[in-house]
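Trainee: attaching a predicted model along with its sequence, questions to come.
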Amino acid sequence: MQNNPVLIEVTRGPLVECRHRGVVAVSDANGALVLELGQVHAPVYPRSAIKPLQALPFIESGTADAYGFADRHIALAAASHSGSKEHVAAAQEMLTAAGLEASSLHCGAHLPRDEDEQRALLRGDNKPTNLHHNCSGKHAAMMATAKFLGEPLATYEKTEHPVQQRIRAVLEELSDSVVGADVCGIDGCSVPNWAMPAAKLAQAYARFATGSGLSPVRKAAAERIRAAARAEPSYLAGGNRLDTRALKLFDGAAFIKTGAEGAYAGAFPNAGLGFALKVDDGGSRAAEAIVSMLIEAYVPGARGTLGLKTLRNAQGVAVGVIRPTPLLSVALM
């Protein structure tokens, strides 16, 4: 199999110290590719980059309305949040409204992302709970949907559960493809994660952003998720993280969602385009650099606003740059 091309170089002084290979696809809602680099037709795991699409049945089923969820709860359902006090509180609000317990979430637990919040938690001799997990909003939404529809709660994360099968059907419709057991892995939070080609994931996000070819109910659900994230950008990620920054800077003109292991996906609604990428070595710095370059290419006025391209040491001294290779630079001209 042919290697994916080098897309990002990281320099130190006069030399290139690291190189990151990967795939990038940008597509319209009909599946026409306006950019393809690397093996865009080979399946990759989108990981958490798929969360806004996973949230569609939560809205379509009427669950969010039935339990009175606000924008922050809908944004959290699509989020890889930072485990801040506000995020934990919002996840607990979702569970309380649906009559559920945090101990029932099957995502597991990890420390908050922010170091100050970590220290505050540990100084109080507390342990992180399921609510601190970056996927707790997604899991709360899945459990609430199962509760509202009268489905089993104890197995909501299993591949065969109706919650997960509805998500599978959404992915297939939006990507105009079939996903099955041969491409199904288990995500870090224990729910199924179906691999698909970057080209198809990009098409799915173009349809999510434009509503092209979607039923009125699904189109409205997609619009509601994007509007909730714009209204509450800190609940989609948090702090100074790229997903939140892009929402704040561009007011939805760049809707982006990070995933583990160098995955990223999203859309440029005003351009009618979706994108997906995967960095082969899982490097988040390379994935974020590529996303920033895509934003600069497809969002008018975005050039130079994200500032992700300088490599600094622990004292803040500039020691190198994170830059596109000529191949990526030319492709984005």
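Mentor: Cool, the structure landed.
Trainee: for the rest of this, base every contact and every neighbour count on C-alpha atoms.
Mentor: Will do.
Trainee: quick check: pLDDT value at residue 187.
Mentor: Here the pLDDT value assigned to residue 187 is 96.
Trainee: so what's residue 252 closest to, chain neighbours aside?
Mentor: residue 230 (6.0 Å; C-alpha to C-alpha, 6 or more residues apart in numbering).
Trainee: need the contact list for that neighbour.
Mentor: 247, 248, 251, 252 (C-alpha atoms under 8 Å, 6 or more residues apart in numbering).
Trainee: pLDDT wise, what is it at?
Mentor: On the pLDDT scale, residue 230 is placed at 97.
Trainee: and if you look at residue 85?
Mentor: Looking at residue 85, the pLDDT reads 93.
Trainee: ok, of the contacts of residue 230, which come out buried?
Mentor: 247, 248, 252 (16 or more other C-alpha atoms under 10 Å).
Trainee: looking at those, which is nearest residue 288?
Mentor: Comparing the buried ones among the contacts of residue 230 against residue 288 with C-alpha to C-alpha places residue 247 closest, at 14.5 Å.
Trainee: quick one: low-confidence ranges for the stretch 1-150 of the chain?
Mentor: 1 (pLDDT under 70).
Trainee: quick one: which of the buried ones among the contacts of residue 230 sit in helices?
Mentor: Judged by DSSP state H, the buried ones among the contacts of residue 230 include 247, 248 as members of helices.
Trainee: can I get the buried ones among the contacts of residue 230 in CSV with distance to residue 61?
Mentor: Shown next, in CSV, are the buried ones among the contacts of residue 230 (distance: C-alpha to C-alpha, whole Å):
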residue, distance to residue 61
247, 26
248, 29
252, 25
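Trainee: farthest-separated two in the contacts of residue 230?
Mentor: Longest span within the contacts of residue 230, C-alpha to C-alpha: 248 and 252, 7.9 Å.
Trainee: let me see the ranges of the helices in this structure.
Mentor: Going by DSSP H, the chain shows helices at 51-54, 56-60, 63-66, 71-77, 85-97, 115-123, 136-148, 162-175, 198-210, 216-231, 242-250, 284-298, 326-331.
Trainee: what packs against the last one?
Mentor: Helices and strands touching helix 326-331, by 3 or more C-alpha pairs under 8 Å, 6 or more residues apart in numbering; DSSP states H and E, are strand 6-12.
Trainee: for the third one, same thing?
Mentor: Contact here means 3+ C-alpha pairs under 8 Å, 6+ apart; on that basis helix 63-66 packs against helix 136-148.
Trainee: what angle separates the helix it packs on from helix 85-97?
Mentor: 10 degrees (axes from the mean of the first three to the mean of the last three C-alpha atoms, to 10 degrees).
Trainee: residues making contact with helix 136-148?
Mentor: Contacts of helix 136-148 (C-alpha under 8 Å, 6+ apart): 51, 55, 58, 61, 63, 66, 73, 76-79, 90-91, 94-95, 98, 100, 105-107, 130-131, 152-153, 156, 163.
Trainee: buried subset of the residues you listed as a ChimeraX selection?
Mentor: Command for ChimeraX that selects the buried part of the contacts of helix 136-148, burial taken from 16+ other C-alpha under 10 Å:
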select :51,55,58,61,63,73,76,77,78,79,90,91,94,95,98,100,105,106,107,130,131,153,156,163
